[in-house]
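K.L.:
After the sequence you'll find the predicted model.
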Amino acid sequence: MPVTQSCQIAFSCLYKGLKAAAPEIINQLQNYLPTEFKSNISVLSDEVFNKALKLAFNPDISSQKKYHALSSLFEHIHIENNKADKHNKEVTNHYFYSAEPLSAKSIFPKKEKIESNKSIWQNFIEQLNKIPQSHKQNLTLWLDHFDTALQCFTSNIPSQYQQDISLYDELKTVTALATSLALSQSDSNKPLLLIQGDFFGIQDFIFSGGSETNKQAAKILRGRSFQVSLFTELAALRVLETLGLPSTSQLMNAAGKFLIIAPNTKEVQQKIMAVQKELNQWFIQYTYGLVGIGIAVKAVQPTDFSAADFNQLMKSLFQELEWTKLQRLDLTESTISVQNVNYPFGACPYNKFFPSQAEGKASLISQDQIAIGQSLVKKHRMIICNEKSDIYQDQDTQHLNIPIFGYRIIFTDTQEITGKFGGPAKAQQIKRLWDFELPKNTQQELWNGYARRYINAYIPYFDDNLAEDIEKYKNIEEGYQKYAIKTFDHLACEDRQSLDDHTGYVGQSALMTLKGDVDNLGTIFQKGLEKANFAKMNALSRQINQFFSLWLPAYCAEKNPNIYTVFAGGDDFFLIGPWYSTQKLAFDMQTYFKHYVAENSNIHFSAGLIMTKVGIPVPRMGEMAEEALEQAKNIEGKNAVTLYQMSLNWEEAIKLTELENEIKRLASEYKISTSYLYSLIHLAKQAASENIEDTIWRSHFYYRTARYVLDKIDKTKREQALAEIIHSIGYLGIERYKANFTIPLFNYFYLNRK
């Protein structure tokens, strides 16, 4: 079936949903639609539409309601079987979302009564003007833009069927189901195919090393991470195009995974197998099997979506994906895995697995990674087009060397600089045109008139304040210029502070690597959802992803501009930055995530932090951070962090940061020496020891403190100083936290190192 027909079916479904939710905008909406959509507005039957609704929500959906505000899906998630309200028919909602356009700020719920916002609909209609007029003649392109507009303006509006599911998730899920139902064989008892894609080898790919990897580490890492997201997006696009399906049939793409709904026909299954072979061969040819994407398919019948069988459906989807991982690249079957490869110029200096293109030059794929790393700072949009399109490279566009799955990839500037590419769009040469510009702060709305993909992440770069910091970087050989990506050498210096007399800087030059992920996510999806259904599962997946892919980069841009994002999306994150700023970001993330999930104690993440000097290979930093994360997850109940090789729950770690301020105050007010503070490390370790001999730490602590006060502090302040130090450091610090008290001590030492 031609993709134009499936696009018409998909839009007809979206139109029906919008007409039911906001009938007042329908007449105005007509003015913004492509002609083919207006003339085929009723192509989807009510019967198929209602069938899709029932599959999406699985209980009876005969009654529609006008909810005043969207409630939090996270609030009523429980993974413990003994929770009383898990079985209650009615639950009380306390957290709601304001009906605002999508931004990093608007995705957080509020514990207050929210009034409905009718102006959001008028805003939606007016903002459709931003979609380029020329793109109306390319239905797949226009529909992809429209999908993003819906996401930006209806993600905080409640569905008419369940208050904790957004209208966007309702429309998206129902449309994907309805499109495939309309295209499937009516007599089939399993009319739908759930198609999952999974990128394997992510960490091996991102952290592959070569002789010169560390010199271009910042650009290489960002380029590789973006490439992983790009591979997954383009693999999903390849499936959609091969099957003649619109972008609305793709329900999820995050953390290297995607989910597509397709009609279950023999032809579709054969085409999926052909796409898998094509992907396998591409990865063998260009990455020598270092990475790949596996596709798992599952035929489903309507009863699989019922309340009784839905959890089993989710479990079987997880199992199908795990089975696919064991058949990587289909090497034992038809994939041609033996390549005629030679290395006349040696191995690529950035990835030892690939051949150099010329003496001392990078491989093609490494060249693309460096180009991507540079483009992410300077460019804001990406064109996916035919290999033979009429878009030429100039100063405002950046083409990648290697076509990916038959698509050319072109990075381009803003619409104001490079235009709307109306000609190639009308000629159907452009398959997708994606906006990946990062918000500059948490308040910035995301809609720019183009389809958005959350595949970019924050990168530190030199800004207008460069002149103020030159002295800080004086010992770094590599140069710097405005808007250039900061190297790890530069990032390591960012927590150094200027002395009061401006004669130099104080503080340790070092990096901190932060790695973490959401705890028990599989259990949350399989057991935690109240009255689980397909729409709710997709909503949960999208919302977990957007904390890391939307809020985190916006927050870094606004509050932590020196944090380098290796990857962040799905349920996990990997960040590198200045040692102290990265710590603070980890604590901020924990605080904001707690608020994001409506203070639900069942939902949390763990993290591992490791501090290193500049020059440690990034793969080793990744290994150490992974070890620290595993150590944190070994804490009972998880919800923990590892820092300076000590693991503790977040609540305790946050209290220790308060003690850090007290150490700083005492040291400043009473001129406490570094040698005295260093002696506390041994006492804190003694306090944690189970040896009876180490219980003498209290006596040693009191003796050293009393002697120090007597020898070093003015007699008018001795009594007060002794009392404060004994209480704050002895009782609140060592007595309560034992060896963990060394965490604020280490921070104090590193911050004041000269």
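P.N.:
Done, it's in.

K.L.:
Just the endpoints, please. Distance across stretch 709-728?
P.N.:
End-to-end distance of stretch 709-728: 15 Å, with Cα to Cα, to the nearest Å as the criterion.

K.L.:
Distance from that stretch to the middle of the chain?
P.N.:
Distance of stretch 709-728 from the chain centroid (Cα atoms, centre = their mean, to the nearest Å) equals 50 Å.

K.L.:
same question, stretch 459-475
P.N.:
That offset, for stretch 459-475, works out to 28 Å (Cα atoms, centre = their mean).

K.L.:
which residues touch it?
P.N.:
Contacting residues not belonging to stretch 459-475 are listed as 218, 222, 373, 376-377, 480-486, 489-491, 493-494, 496, 498, 504-505, 561-565, 577 [Cβ atoms under 8 Å, 6 or more residues apart in numbering]. The C-beta positions use only the backbone N, C-alpha and C, and glycine is treated the same way.

K.L.:
Tell me which of those fall in helices.
P.N.:
Judged by DSSP state H, helices contain the following of the contacts of stretch 459-475: A218, R222, G373, L376, V377, D489, H490, L491.

K.L.:
Does K431 lie in a helix or a strand, and which?
P.N.:
According to DSSP states H and E, K431 maps onto strand 430-435.

K.L.:
likewise T442?
P.N.:
Per DSSP H and E: T442 is located in neither a helix nor a strand.

K.L.:
Correct me if wrong: it contacts C556.
P.N.:
No - assessed by Cβ atoms under 8 Å, T442 is found out of contact with C556, at 10.2 Å.

K.L.:
Count the neighbours of P246 for me.
P.N.:
25 (other Cβ atoms under 10 Å).

K.L.:
try S39
P.N.:
The number of residues packed around S39, counting by other Cβ under 10 Å, is 11.

K.L.:
Now do the strands in the stretch 1-150 of the chain.
P.N.:
Remark: strands assigned in the stretch 1-150 of the chain by DSSP state E, counting those that start in this stretch are 70-71, 96-97.

K.L.:
TSV for these, including mean neighbour count?
P.N.:
TSV is the format used below for these (neighbours: other Cβ atoms under 10 Å):
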stretch	mean neighbour count
strand 70-71	26
strand 96-97	22
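
K.L.:
Turn those strands into CSV, columns for distance to T148.
P.N.:
Shown next, in CSV, are the strands of the stretch 1-150 of the chain (distance: least, Cβ to Cβ, whole Å):
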stretch, distance to T148
strand 70-71, 19
strand 96-97, 19
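
K.L.:
Low-confidence bits of the stretch 51-200 of the chain, can you list those?
P.N.:
Low-confidence segments of the stretch 51-200 of the chain (pLDDT under 70): 59-63, 81-91, 186.

K.L.:
all helices for it, in order.
P.N.:
119-127, 139-154, 167-183 (DSSP state H, counting those that start in this stretch).

K.L.:
Make CSV out of those helices and add mean neighbour count and distance to A22.
P.N.:
Formatted as CSV, those follow (neighbours: other Cβ atoms under 10 Å; distance: least, Cβ to Cβ, whole Å):
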stretch, mean neighbour count, distance to A22
helix 119-127, 16, 5
helix 139-154, 24, 9
helix 167-183, 27, 9
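
K.L.:
how close does C348 get to F354?
P.N.:
C348 sits 4 Å away from F354, going by Cβ to Cβ, to the nearest Å.

K.L.:
Poorly predicted segments of the stretch 201-350 of the chain, please.
P.N.:
In the stretch 201-350 of the chain (pLDDT under 70), the answer is 210-211, 213-215, 329-340.

K.L.:
in the sheet, who's paired with the spatially most central residue of the chain?
P.N.:
Nearest to the mean C-alpha position of the chain, counting by Cα atoms, centre = their mean, stands G569 at 1.8 Å. G569 has the following beta-bridge partners by DSSP bridges: D572.

K.L.:
K219 versus that one, what's the distance?
P.N.:
From G569 across to K219, the span is 20 Å (Cβ to Cβ).

K.L.:
Relative to K378, how far out is the nearest residue to K515 once chain neighbours are set aside?
P.N.:
Closest residue to K515 apart from its sequence neighbours, by Cβ to Cβ, 6 or more residues apart in numbering: A625 at 3.8 Å. Using Cβ to Cβ, we find A625 at a distance of 29 Å from K378.

K.L.:
Just list the residues touching G373, thanks.
P.N.:
By Cβ under 8 Å, 6+ apart, the contact set of G373 is Q216, A218, K219, I220, L221, R222, G223, F226, I459, I485.

K.L.:
Now for those residues: which two are most distant?
P.N.:
Q216 and F226 (14.6 Å; Cβ to Cβ).
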